[in-house]
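Visitor: need coordinates for the following:
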Amino acid sequence: MPITRRMDGLRASIAPFMSFFEGPIWARSADPNVANFAVGNPQEMPLPAYVESLQRHIVPHDKDWFAYKLSEPKSRQAVSRSLSTRTGLEWDPEDVAMTNGGFAALAVTLRAILESGDEVIFLSPPWFFYEILILAAGGSPVRVRLTPPAFELDVDAIVAAITPRTRAVLINTPHNPSGRVFTSTELGVLAAALEAASSTIGHQLYLVADEPYNRIVFDGRAYHSPAETYPNTITTYSYGKTLLAPGMRIGYIAVPPTMPDRRALREAIFVAQIASGYSFPNALLQQAIEDLEMLSVDVGALERRRDRFVPALRAMGYETTLPEGTFYVMVRAPTKDDAAFSTSLAEHGVLVLPGSVVELPGWFRVSLTASDAMVESGLGGFQSALEAWAP
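Guide: Numbering: from 1, shown residues only. Reported below is the predicted structural model:
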């Protein structure tokens with residue numbers, strides 16, 4: 001396929017994302033008087049302990065401190081210890097590949113496991129870039145729709161979408177943008193269904209578990225990784241969400257000790273990291289990883305913000321989700337034209353992400369990474385925009 005045609009296809013997959021960031025709503029993002037709920041960017045200064053760790057580790061200890069880095073042993077050990085503690089499985093450091101963010105972790109994983117034309121099932125509404133990453137790896141994206149407002153994991157729909165060409169199922173839990181945290185029961189049902197489907201189609205299906213929000217869960221919930229119930233799980237992770245530092249790119253790919261062919265997958269992942277543009281994290285972030293593993297954004301503050309924001313919007317007459325995790329609340333717009341209403345909100349000093357950007361028209365997404373002050377100042381904008389829209 002000529003490069004222009006291939007790139008046209010990739011551009012089409014992210015056209016809604018690009019149109020938002022090139023459009024009138026995001027153009028207001030630099031205005032200090034707007035309440036910015038549009039994306040999961042920090043609206044306050046970074047964690048002091050995070051900054052202190054980077055300052056400490058920027059000082060070189062030897063001549064190789066800033067030399068080329070692969071997946072460094074200390075990094076892999078820190079990750080495997082953390083995974084073992086959180087899942088109850090004994091993860092092998094050799095099954096951890098450090099990447100420059102969760103974006104790279106997914107790109108490398110898909111390149112490692114897909115042959116041209118292989119199908120990958122993913123959940124919609126999705127994170128913006130699942131489709132383009134599948135396409136870029138030579139795969140064929142297949143959507144399974146989650147139904148609002150519950151956004152329950154529809155295992156029957158996933159099974160119905162599986163064909164002999166299916167290579168992987170990609171799920172995101174806690175789920176962006178719905179905030180659903182899939183339970184161990186749901187994941188167990190999915191695992192059994194994938195095992196049965198693998199037998200039917202004659203090859204093992206991978207489950208790619210995208211888990212960048214796995215430490216951001218509310219109401220005392222226990223998070224369960226899909227790797228706990230399905231051996232052929234590949235876990236991808238980004239520290240950018242936990243630390244609310246998305247521009248400082250470090251993450252990982254991890255394969256559980258229960259996966260039968262994990263040694264072959266190690267080599268495939270390593271080759272894909274090279275082929276994807278040397279997708280290893282920079283030296284400084286790997287040096288600091290043991291500190292970073294211990295740090296987190298204030299999840300309690302996010303939960304309190306949710307508990308202030310959601311009841312206030314519901315009292316105004318909005319329908320909203322009550323997220324179980326992540327940064328996000330989904331809100332139904334008073335019109336099917338979510339882009340038009342989101343533009344109206346911007347005119348009232350509130351920035352949100354139109355639901356059509358995440359394949360959920362008629363809704364919009366709000367990020368709880370907005371500051372407490374933005375929540376308080378923004379509630380008036382939500383009220384006035386809704387009143388202005390009323391017939």
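
Visitor: tell me the contacts of the spatially most central residue of the chain?
Guide: Centroid-nearest residue in the chain, with Cα atoms, centre = their mean: Pro212, separated by 5.1 Å. If a contact means Cβ atoms under 8 Å, 6 or more residues apart in numbering, then Pro212 has Gly102, Asn176, Thr236, Tyr237, Ser238, Gly240, Lys241, Thr242, Gly251 as its contacts. Every residue, glycine included, has its C-beta placed from N, CA and C.

Visitor: 7 Å instead?
Guide: Gly102, Tyr237, Ser238, Lys241 (Cβ atoms under 7 Å, 6 or more residues apart in numbering).

Visitor: roughly how far apart are it and His175?
Guide: According to Cβ to Cβ, to the nearest Å, Pro212 stands 11 Å off from His175.

Visitor: so what's Leu386 up against?
Guide: Counting by Cβ under 7 Å, 6+ apart, Leu386 makes contact with Met316, Gly317, Tyr318, Pro334.

Visitor: how about the first one: what's its closest non-neighbour residue?
Guide: Nearest-residue entry for Met316: Gln383, 5.4 Å, with adjacent residues in sequence omitted and distances by Cβ to Cβ, 6 or more residues apart in numbering.

Visitor: count of neighbours near that neighbour?
Guide: Neighbour count for Gln383, taken as other Cβ atoms under 10 Å: 18.

Visitor: mean confidence score for the one helix or strand it maps to?
Guide: Using DSSP states H and E, Gln383 sits within helix 372-389. In this model, helix 372-389 carries a mean pLDDT of 96.

Visitor: centre of the chain to that helix, how far?
Guide: With Cα atoms, centre = their mean, to the nearest Å as the basis, helix 372-389 stands 27 Å off its chain's centre.

Visitor: buried stuff in that helix?
Guide: Met374, Val375, Ser377, Gly378, Leu379, Gly381, Phe382, Gln383, Ser384, Ala385, Leu386 (16 or more other Cβ atoms under 10 Å).

Visitor: over to stretch 238-252?
Guide: In stretch 238-252, counting by 16+ other Cβ under 10 Å, buried: 238-246, 248-252.

Visitor: all strands for the stretch 51-200 of the chain, in order.
Guide: For the stretch 51-200 of the chain, the strands defined by DSSP state E, counting those that start in this stretch occupy 96-99, 119-124, 140-145, 166-172.

Visitor: mind checking which of the ones you listed is nearest Ala275?
Guide: The minimum distance between Ala275 and the strands of the stretch 51-200 of the chain falls on strand 96-99, with 13.2 Å, by Cβ to Cβ.

Visitor: how close does Met248 sit to Val352?
Guide: Taken as Cβ to Cβ, the span from Met248 to Val352 is 25 Å.

Visitor: quick revisit: so which of the contacts of Pro212 would you say is closest to Glu44?
Guide: Distances from Glu44 to the contacts of Pro212, taken as Cβ to Cβ, are shortest for Lys241 (15.3 Å).

Visitor: return the backbone torsion pair for the residue lying closest to that closest one once chain neighbours are set aside.
Guide: Excluding the flanking residues, the one nearest Lys241 by Cβ to Cβ, 6+ apart is Pro212, at 4.5 Å. Taking degrees, to the nearest 10, you get phi -70, psi -20 for the backbone angles of Pro212.

Visitor: Gly317 now?
Guide: Gly317 adopts backbone torsions of phi 120, psi 0, taken as degrees, to the nearest 10.

Visitor: tell me who's in contact with it.
Guide: Leu386.

Visitor: wait, is Thr236 part of a strand?
Guide: Yes. Judged by DSSP: H, G, I helix; E, B strand; the rest coil, Thr236 forms part of a strand.

Visitor: hey, what's it bridged with?
Guide: Beta-bridge pairing for Thr236 (DSSP bridges): Asp210, Ile253.

Visitor: looks like it contacts Ile253 (just checking).
Guide: Yes. Between Thr236 and Ile253 there is a contact at 5.6 Å, judged by Cβ atoms under 7 Å.

Visitor: so what sits against both of these two?
Guide: Counting by Cβ under 7 Å, 6+ apart, the shared contacts of Thr236 and Ile253 are Ala105, Thr109.

Visitor: what's the neighbour count on Glu152?
Guide: Glu152, neighbours per other Cβ under 10 Å, totals 11.

Visitor: show me what contacts it?
Guide: Leu146.

Visitor: over to Asn282?
Guide: Per Cβ under 7 Å, 6+ apart, neighbours of Asn282: none.

Visitor: please redo it, this time with the cut-off set to 8 Å
Guide: Contact analysis of Asn282 by Cβ under 8 Å, 6+ apart lists Lys69, Asn100, Arg249, Ile250.

Visitor: separation between Leu190 and His224?
Guide: Distance from Leu190 to His224, by Cβ to Cβ: 12 Å.

Visitor: coming back round to it: looking at the strands of the stretch 51-200 of the chain, which is buried most?
Guide: strand 96-99 (a mean of 27; mean count of other Cβ atoms under 10 Å).

Visitor: looking only at pLDDT, what's the mean for stretch 234-241?
Guide: In the prediction, stretch 234-241 has an average pLDDT of 97.

Visitor: list the contacts of it.
Guide: The contact list for stretch 234-241, computed with Cβ under 8 Å, 6+ apart, reads 40, 83, 101-103, 105-106, 109, 113, 206-214, 216, 225-227, 245-256, 265, 292, 297, 327.

Visitor: nice, that's everything, thank you.
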